[in-house]
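1. Predicted model follows, preceded by the sequence.
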Amino acid sequence: MRNRILLFALTAVLCTGSMSFTKPADETCKGKFTLAWVYKGVYELFDYESKCHVWIDGKDMGETTASKCTVPNHADYKLKKGTHKIKVVSWVLYNDKWEEFNTANMYIMDAVYEGEFTLKKSGTLDLTFDLDQEKVQNGFK
């Protein structure tokens, strides 16, 4: 009798545990998305503090932390797995005032990126605001 109760309890534990492992994936599963950026071709005199303002799928995700333009920086986000649209606008601190890095503010280029990426488990979007080539280089991995 004792062996039957022990066997029953063990079977119940194993079945319960195995059921949790075979649970279907939830559509709201989150993945880790990292936005990384740096400026290239910046003269030392103009190595201002910079930050990015980020929108994902039209939702304002806020501003990132600030660092010197030539210091690589990043921000992490938890997102649903799948395809997302992103917009990134870089800002710089000039004369104690934050302003967009764009031609309207007399900079050499518009430091803006808009695109799409597909997030699986995790992924990183690398942006280089290349002042020498006057373009935003990007890569998703």
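-> Nice, thanks for sending it over.
2. switch to C-alpha atoms for all contacts and neighbour counts from now on
-> Will do.
3. now for the top strand by length along the chain, which elements pack on it?
-> Ranked by number of residues, the top strand in the chain under DSSP state E is strand 82-94. Counting contacts by 3 or more C-alpha pairs under 8 Å, 6 or more residues apart in numbering; DSSP states H and E, strand 82-94 is packed against strand 49-56, strand 97-100, strand 112-119.
4. what's the angle from the helix or strand just after the last one to strand 82-94?
-> Counting by DSSP states H and E, the element after strand 112-119 in chain order, helix or strand, is strand 122-130. Using axes from the mean of the first three to the mean of the last three C-alpha atoms, to 10 degrees, the inter-axis angle of strand 122-130 relative to strand 82-94 is 40 degrees.
5. Run me through the strand neighbours of strand 122-130, direction for each.
-> Sheet pairing for strand 122-130, assigned by DSSP bridges, gives strand 30-40 (parallel), strand 135-140 (antiparallel).
6. if we can go back for a sec, tabulate the helices and strands packed on strand 82-94 (a markdown table), appending distance to residue 69, mean neighbour count and mean pLDDT.
-> As requested, the helices and strands packed on strand 82-94 are arranged in a markdown table below (distance: least, C-alpha to C-alpha, whole Å; neighbours: other C-alpha atoms under 10 Å; pLDDT from 0 to 100):
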| stretch | distance to residue 69 | mean neighbour count | mean pLDDT |
| --- | --- | --- | --- |
| strand 49-56 | 5 | 20 | 93 |
| strand 97-100 | 13 | 14 | 94 |
| strand 112-119 | 14 | 16 | 92 |
